[in-house]
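Undergrad: Sequence plus predicted model, see below.
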Amino acid sequence: QVQLVESGGGLVQAGGSLRLSCAASGRTFSVYGMGWFRQAPGKEREFVAAISWSDSNSYYADSVKGRVTISRDNVKNMVYLQMNSLKPEDTAVYYCARSKTIAAARSESNYDYWGQGTQVTVSS
């Protein structure tokens with residue numbers, strides 16, 4: 001069974017930075033793409049960033065491009081989301097997810113395992 005556990009969320013002022021981490025269980029972590037999504041209060045969950053199994057491809061939502069970097073460590077079974085220049089509109093619960101394939105993907109339908117989420121709150 002695959003388990004994903006996010007950490008690193010918290011309260012930060014606008015302009016600040018946070019690094020989210022996602023710890024994944026399972027021996028086959030390195031052969032799957034991984035993604036980060038977020039859900040703000042009253043809104044649907046949306047794509048943030050994704051990375052392929054080998055770190056050769058990554059995608060970002062337009063709303064975070066240039067401010068966010070996704071990375072992974074296949075030895076440690078970890079995925080990270082470095083977020084800089086945070087804005088109040090980045091406030092949301094952030095979820096880590098595992099892709100069904102080796103590829104990075106933007107659509108939720110391409111992911112089969114999800115973490116419980118970590119809260120990020122950006123104050124103005």
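TA: Right, received. Where do you want to start? For clarity, every value in this text was computed on a predicted model and none was experimentally measured.
Undergrad: Every contact and neighbour count from this point should use C-alpha atoms.
TA: Will do.
Undergrad: Which residues are in contact with the residue nearest the centre of the chain?
TA: In the chain, the C-alpha nearest the mean C-alpha coordinate belongs to Trp36, at 2.3 Å (C-alpha atoms, centre = their mean). By C-alpha atoms under 8 Å, 6 or more residues apart in numbering, the contact list for Trp36 reads 47-50, 81, 94-97.
Undergrad: Could you do Ser123 as well?
TA: Neighbours of Ser123 in contact, by C-alpha under 8 Å, 6+ apart: 11-14, 87-88.
Undergrad: Adding secondary structure as columns, could you present these in TSV?
TA: As requested, the contacts of Ser123 are arranged in TSV below (DSSP: H, G, I helix; E, B strand; the rest coil):
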residue	secondary structure
Leu11	strand
Val12	strand
Gln13	strand
Ala14	coil
Lys87	coil
Pro88	helix
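Undergrad: quick one: secondary structure of the closest residue to the residue nearest to the centre of the chain other than its chain neighbours?
TA: Nearest residue to Trp36 in three dimensions, chain neighbours excluded: Cys96, at 4.7 Å (C-alpha to C-alpha, 6 or more residues apart in numbering). When classified by three-state DSSP, Cys96 comes out as strand.
Undergrad: Same question for Ser109.
TA: helix.
Undergrad: How many residues are close by it?
TA: 9 (other C-alpha atoms under 10 Å).
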